[in-house]
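Chemist: need coordinates for the below:
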Amino acid sequence: MREIIEKVKAKTNIPVYERTIENVVSAVQASSDIWRIVDLSEEPLPLVVAVLETLKELGYVEFKDGVFLTENGKKLAEEYGIGKREDYTCPHCEGKTVDINAFSELLEQFKEIVKDRPQPKHEFDQAYVTPETTVARIILMHTRGDLENKEVFVLGDDDLTSIALMLSGLPKRIAVLDIDDRLTKFIEKTADEIGYSNIEIFTFDLRKPLPDYALRKFDTFITDPPETVDAIRAFVGRGIATLKGPGCAGYFGITRRESSLDKWRDIQKL
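Modeler: Residues are numbered from 1 along each chain as shown. The predicted structure follows:
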């Protein structure tokens with residue numbers, strides 16, 4: 001196992017542990033699909049790739065229409081007592097913890113609108129989530145009492161959360177900032193088409209300090225920043241600055257696909 005760990009460390013700057021290797025080997029026993037292996041292992045994608053490449057070099061896995069343990073790989077799993085990873089995620093909510101069917105009409109409207117959305121720009125580190133995820137997020141916010149009759153600030157909106165919020169009719173007021181004028185124009189056009197007027201839309205670089213009109217004016221913020229510690233510090237810090245005070249709420253997303261538990265710990269220290 002030590003040899004595997006050292007070879008993986010040479011391929012990545014993400015921390016590697018014996019448990020890392022165990023997680024990936026366990027996931028390979030459950031699925032041959034790389035994305036499923038990433039999800040089941042709960043390790044970030046670049047680290048999973050580095051582990052699998054190392055296991056292949058050492059003869060423990062083979063890539064053949066998927067990822068499979070070789071006979072040596074099966075012996076490795078048996079030697080270290082690594083079993084098949086099981087998944088008991090709720091099949092109804094798919095782990096989102098909310099009933100998205102309660103907002104099925106909103107979801108269908110949202111899907112129809114965002115079909116014509118601007119395509120992601122890599123220079124802005126854009127990569128939007130699925131419509132189901134966007135709607136699940138606003139349902140979660142609503143269940144926490146952070147949407148209805150609240151003033152909501154959206155910091156960066158390649159997911160078009162502001163449009164889902166408009167369709168919900170729940171917030172008292174929405175403000176959205178994004179660096180990409182294609183997105184702000186699309187959001188503005190959508191607001192006009194659906195007749196929603198309680199929204200303020202600004203093209204703004206969130207790397208800069210927030211203007212006065214955004215400070216201490218809102219009940220809730222939501223943001224989905226790039227998954228680096230510095231980006232999360234900047235975006236979440238800006239979000240907190242928009243809040244009126246105690247009792248307000250902020251939402252931001254990080255994943256296990258992009259961020260290791262070590263990074264999660266660093267984020268929690270902010």
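Chemist: for the rest of this, base every contact and every neighbour count on C-alpha atoms.
Modeler: Will do.
Chemist: what about stretch 17-35, distance to the chain center?
Modeler: 21 Å (CA atoms, centre = their mean, to the nearest Å).
Chemist: what about that stretch, average pLDDT?
Modeler: Mean pLDDT, computed over stretch 17-35, is 97.
Chemist: identify the residues contacting that stretch?
Modeler: Residues lying outside stretch 17-35 but in contact with it, judged by CA atoms under 8 Å, 6 or more residues apart in numbering, are 1-2, 4-5, 36-38, 40-43, 48, 51-52, 66-69, 77, 82-86.
Chemist: got it, and stretch 150-166?
Modeler: 106, 110, 114, 120, 126-129, 134-135, 138, 170-179, 183, 187, 190-191, 196, 206, 217-225, 235, 239, 242.
Chemist: circling back to that earlier point, show me the contacts of stretch 17-35 that map onto strands.
Modeler: Val67, Phe68, Leu69 (DSSP state E).
Chemist: got JSON lines for the residues you listed, with pLDDT and neighbour count too?
Modeler: Compiled in JSON lines, the ones in strands among the contacts of stretch 17-35 are given as follows (pLDDT from 0 to 100; neighbours: other CA atoms under 10 Å):
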{"residue": "Val67", "pLDDT": "97", "neighbour count": "18"}
{"residue": "Phe68", "pLDDT": "98", "neighbour count": "22"}
{"residue": "Leu69", "pLDDT": "98", "neighbour count": "21"}
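Chemist: among the residues you listed, which one lies nearest to Arg144?
Modeler: For those, the minimum distance to Arg144 (CA to CA) is 41.0 Å, reached by Val67.
Chemist: what sits closest to the closest one if chain neighbours are left out?
Modeler: Nearest in space to Val67, with sequence neighbours left out and distances taken as CA to CA, 6 or more residues apart in numbering, is Ser32 at 4.5 Å.
Chemist: and for that neighbour, the neighbour number?
Modeler: 17 (other CA atoms under 10 Å).
Chemist: can you give me phi and psi for it?
Modeler: phi -100, psi 0 (degrees, to the nearest 10).
Chemist: which residues touch Cys93?
Modeler: Asp99, Ile100.
Chemist: surely Phe221 touches Leu243?
Modeler: Yes - using CA atoms under 8 Å, Phe221 makes contact with Leu243 at a distance of 7.4 Å.
Chemist: more neighbours: the two, which one.
Modeler: Phe221 (27 against 23).
Chemist: you'd agree that one is in a strand?
Modeler: Yes - counting by DSSP: H, G, I helix; E, B strand; the rest coil, Phe221 is found in a strand.
Chemist: contacting residues for it?
Modeler: Val152, Phe153, Val154, Leu155, Gly239, Ile240, Thr242, Leu243, Ala249, Gly250, Tyr251.
Chemist: so it bridges to which residues?
Modeler: Phe153, Gly250 (DSSP bridges).
Chemist: and this protein, what are its domain boundaries?
Modeler: 2-79, 100-268 (automatic domain parsing).
Chemist: circling back: find the residues that touch each one of Phe221 and Leu243.
Modeler: Ala249.
Chemist: chain center to the helix or strand of the chain with the lowest mean pLDDT: distance?
Modeler: For the chain, using mean pLDDT, DSSP states H and E, the weakest element among its helices and strands is helix 261-268, scoring a mean of 89. Averaging C-alpha positions (CA atoms, centre = their mean) puts helix 261-268 15 Å from its chain's average.
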